[in-house]
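A.B. asks: When you get a sec, could you give me coordinates for this:
(chains A and B)
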Amino acid sequence: QKEVEQNSGPLSVPEGAIASLNCTYSDRGSQSFFWYRQYSGKSPELIMFIYSNGDKEDGRFTAQLNKASQYVSLLIRDSQPSDSATYLCAFPGAGSYQLTFGKGTKLSVIP
Amino acid sequence: EAGVVQSPRYKIIEKKQPVAFWCNPISGHNTLYWYRQNLGQGPELLIRYENEEAVDDSQLPKDRFSAERLKGVDSTLKIQPAELGDSAVYLCASSTTSTGRRSPLHFGNGTRLTVT
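C.D. replies: Model prediction:
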């Protein structure tokens, strides 16, 4: 059974700091990974996806994938109060056609 | 580009009553998903459609849940009869391919169901 593990938090960081969110997965065949942000009472919104080992940067966000260790992380630089949300990682898994989501990590950025 | 549209946004019903949710995916998206999200949890897939065909409904509680996607566009998810444990947010999502690869899911705003 495909599983995704995330620390549910809450994770609190001061404004301007780097927030680091981690996710481990069980399916070694997984080829792609997605990070979604979900504000309270809102639906998940895609913010990053990564397919290959290494880092992918998009503005203040960096996704890091390590397939050998089966973890993917999301770094948020210069954290802002508006980044306060729950961050969900997800992956389709080899041969699977729907995303499996983690429980999400709640991030609070303190002004 | 218009996003995924869901209605209603909120629904409160008594247990044993029926309820239906409606979803209009992004234009051109052939794949449609219904997810359920319980409080403090990630979304869990209920059913996936490729055009009008339900290709993965293994997680759909078929004794009380049903879904349809006539003409391969809009979709309706129904619960009859509803139980207290059905209280959750029901999310509809769509994508342009069936693999989930290089075609991220786009979610609607969801329907928050409360069963009393």
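A.B. asks: What strands line up against the helix or strand encompassing B:S94, and which way round?
C.D. replies: Assessed by DSSP states H and E, B:S94 sits inside strand B:88-95. Sheet partners assigned to strand B:88-95 using DSSP bridges are listed as strand B:31-37 (antiparallel), strand B:106-107 (antiparallel), strand B:111-115 (antiparallel).
A.B. asks: okay if I get these as CSV plus mean pLDDT and mean neighbour count?
C.D. replies: Any C-beta I mention is one placed from the backbone N, CA and C, and that applies to glycine too. Converted to CSV, the strands paired with strand B:88-95 look like this (pLDDT from 0 to 100; neighbours: other CB atoms under 10 Å in any protein chain shown):
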stretch, mean pLDDT, mean neighbour count
strand B:31-37, 94, 25
strand B:106-107, 92, 22
strand B:111-115, 98, 18
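A.B. asks: Export these as JSON lines, with columns for distance to A:S108.
C.D. replies: Listed next are the strands paired with strand B:88-95 as JSON lines, based on distance: least, CB to CB, whole Å:
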{"stretch": "strand B:31-37", "distance to A:S108": "20"}
{"stretch": "strand B:106-107", "distance to A:S108": "23"}
{"stretch": "strand B:111-115", "distance to A:S108": "23"}
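A.B. asks: Low-confidence ranges, chain B, go.
C.D. replies: Across chain B, the ranges flagged by pLDDT under 70 are B:1, B:97-102.
A.B. asks: Quickly list what the most centrally placed residue in it is bridged to.
C.D. replies: The centre of chain B sits closest to B:W34, judged by CA atoms, centre = their mean, with a distance of 2.7 Å. B:W34 forms beta bridges with B:I47, B:C92, as assigned by DSSP bridges.
A.B. asks: I'd guessed it sits against B:C92; true?
C.D. replies: Yes: under the criterion of CB atoms under 8 Å, B:W34 is in contact with B:C92, at a separation of 5.8 Å.
A.B. asks: Could you name every residue contacting both of these two?
C.D. replies: Common contacts of B:W34 and B:C92 (CB atoms under 8 Å, 6 or more residues apart in numbering or on different chains): B:C23, B:S75, B:L77.
A.B. asks: I'd like the distance from the residue nearest to the centre of chain B to chain A, if you could.
C.D. replies: As defined by CB to the nearest CB, to the nearest Å, B:W34 lies at a distance of 10 Å from chain A.
A.B. asks: and stretch B:35-44, how far apart are its ends?
C.D. replies: For stretch B:35-44, the first-to-last residue distance is 5 Å (CA to CA, to the nearest Å).
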